[in-house]
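J.: A structural model of the following input is requested.
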Amino acid sequence: MSTRLATRPAEERTADDPPEASPAGAAAPTGDEGARGRGSALRKHLGTVAGIAILGVLMWRLGTGVFLDGLRRIDGATVLVALAIGLLTTVCSAWRWCLVARGLNIKLPLGRAVADYYRALFLNAALPGGVVGDVHRAVRHGQDEGSMGRAVRAVVLERTAGQLVLAVIGVAVLVTVDSPVLRQTRELVAVLAVAALGVLAVVAGLRLRRGTPGTSRRHRALRAAAAEIRQTLLSRANAPGVLVSSVIVLAGHLAMFVVAARAAGSAASALEVIPIGLLALIAMGLPLNVGGWGPREGVTAWAFGAAGLGASQGLTVAVIYGVLSLVASLPGIVVLVARWAAGLRSGGPAPKGHRSRFSRREKYSPKDSVNAASSSFPFSADALDGRPMTPESV
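T.: Numbers count the residues shown, from 1 in each chain. Okay, here's the model as predicted:
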């Protein structure tokens, strides 16, 4: 029996099979390889650990009552407003995704994009790392269209477009518009600019010292990436839609922040709250969070304190905003359950030991059929926890 299992191909072995024996003479992992593996695991979960640490410091300094107070202040009307804002921002985000996908010559109807985006938002908010949902929609789209690389790059470019619009508008507003955090923001931007110049100088020095092996390959990769950016984000057909959708999405997030401030009982005007909201949104882009929680709460508490509005109230606003964002993504549960049920009706649950189609090790082919029930539950996704998606991950 054991001989038969040992000789089965690796792709046919199941999780219940005994571990495959190492080939004779195979070298055991060295200490350096083990250290590299531990370092990789540490980097993988660094963002989650940092987010938990930030939340822990906030609870230690301001107490857990601030979090509970934020939850108590949310009423039914606030929830309905959050769902309405979430519908607007999700449809616009899905439209932006469709435009980028079209620029890469892959098919993506708007209706399906909205459903997939809702599911991704819910997974991002409910699971650690904040990118699981984006990985999930990229993999599903790549499988359905038979082009994993282009599908992943479409998601990366779509998210990048939103972050670029946020960065440009956010920095312009924060350093020019009179606000309670104007002085602090200018000082922070100056420090970051000096740090960025220092990093660029160090990188340039290292490149010159090492010489230029492989430069042509890097240049080809950069030219290919630049061509895709021009084709998807800067083309005459796509640029207006990408810009308009990104601005609407940003406006929706800021409106949600103002709603959170009103629910928290803040007496600050919208003109005072919006710059703080921009800071919070920029902080949310850092890969140091637990489902979006962490830097947002820290930055909002600091900004409200610096503006003389009270750090505790700032933390309450951030908590309410986080809860409202989760509420706005709740239609994603409907998408998950509906597609799971459709998969069960079409083919039944996957057999025991069946490899998930979201597995990183599975080989994909444009001619492979996509079985909606190949996973026993729709949360299956092999995501890089806490790490942003990049074209190099394809």
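J.: okay, now Leu135: neighbour count?
T.: Just to correct that, residue 135 is Val rather than Leu. For Val135, the count of nearby residues is 24 (other CB atoms under 10 Å). All C-beta atoms are positioned from the backbone trio N, CA, C, and that covers glycine.
J.: what about the helices in the stretch 101-250 of the chain?
T.: All helices of the stretch 101-250 of the chain, identified by DSSP state H, counting those that start in this stretch, fall at 110-126, 132-145, 148-176, 182-210, 215-232, 239-263.
J.: Show me which residues of stretch 253-260 are buried.
T.: For stretch 253-260, a neighbour-count test (16 or more other CB atoms under 10 Å) marks His253, Leu254, Ala255, Met256, Phe257, Val258, Val259, Ala260 as buried.
J.: Least reliable of the helices of the stretch 101-250 of the chain by average pLDDT, please.
T.: Lowest mean pLDDT of the helices of the stretch 101-250 of the chain: helix 182-210, a mean of 72.
J.: Buried residues in it, which are they?
T.: So for helix 182-210, counting by 16+ other CB under 10 Å, buried means Leu182, Gln184, Thr185.
J.: My understanding was that the first one contacts Val173; is that so?
T.: Meaning Leu182. No: using CB atoms under 8 Å, Leu182 makes no contact with Val173, being 9.9 Å away.
J.: Which neighbours do the two have in common?
T.: Residues touching both Leu182 and Val173 (CB atoms under 8 Å, 6 or more residues apart in numbering): Pro275.
J.: Once you drop chain neighbours, what's closest to Gly241?
T.: Of all residues not flanking Gly241 in the chain, Leu99 sits nearest, at 4.9 Å (CB to CB, 6 or more residues apart in numbering).
J.: Summarise which helices and strands whichever strand or helix holds the one you found is packed against.
T.: Using DSSP states H and E, Leu99 maps to helix 76-103. If you count contacts as 3 or more CB pairs under 8 Å, 6 or more residues apart in numbering; DSSP states H and E, helix 76-103 packs onto helix 110-126, helix 148-176, helix 215-232, helix 239-263, helix 311-328, helix 331-347.
J.: most tightly surrounded among those helices?
T.: helix 311-328 (a mean of 25; mean count of other CB atoms under 10 Å).
J.: Give me the angle between it and helix 76-103.
T.: If you take axes from the mean of the first three to the mean of the last three CA atoms, to 10 degrees, helix 311-328 sits at 60 degrees to helix 76-103.
J.: could you say what helices and strands helix 311-328 packs with?
T.: helix 31-62, helix 65-72, helix 76-103, helix 110-126, helix 239-263, helix 270-284, helix 295-306.
J.: For the second one, the averaged confidence score.
T.: Confidence over helix 65-72 (mean pLDDT, whole number) is 66.
J.: what's the answer for the third one, then?
T.: When pLDDT is averaged over helix 76-103, the result is 95.
J.: what's the angle from it to helix 132-145?
T.: 40 degrees.
J.: Pull out the buried positions in helix 76-103.
T.: 78, 81-82, 85-86, 89-103.
J.: report the angle between the axes of it and helix 148-176?
T.: Following the same axes, to 10 degrees, one obtains 120 degrees for the angle between helix 76-103 and helix 148-176.
J.: going forward can the numbers begin at 695, since that is how I track them
T.: Let's use 695 as the start, then, which means that last one is helix 770-797.
J.: give the contact list for the closest residue to Arg880 other than its chain neighbours.
T.: Spatial nearest neighbour of Arg880, excluding adjacent residues (CB to CB, 6+ apart): Val869 at 5.6 Å. For Val869, the contacting residues are Leu876, Thr879, Arg880, Val883, by CB under 8 Å, 6+ apart.
J.: before we move on, what about Val1021?
T.: By CB under 8 Å, 6+ apart, the contact set of Val1021 is Val773, Ala776, Leu777, Gly780.
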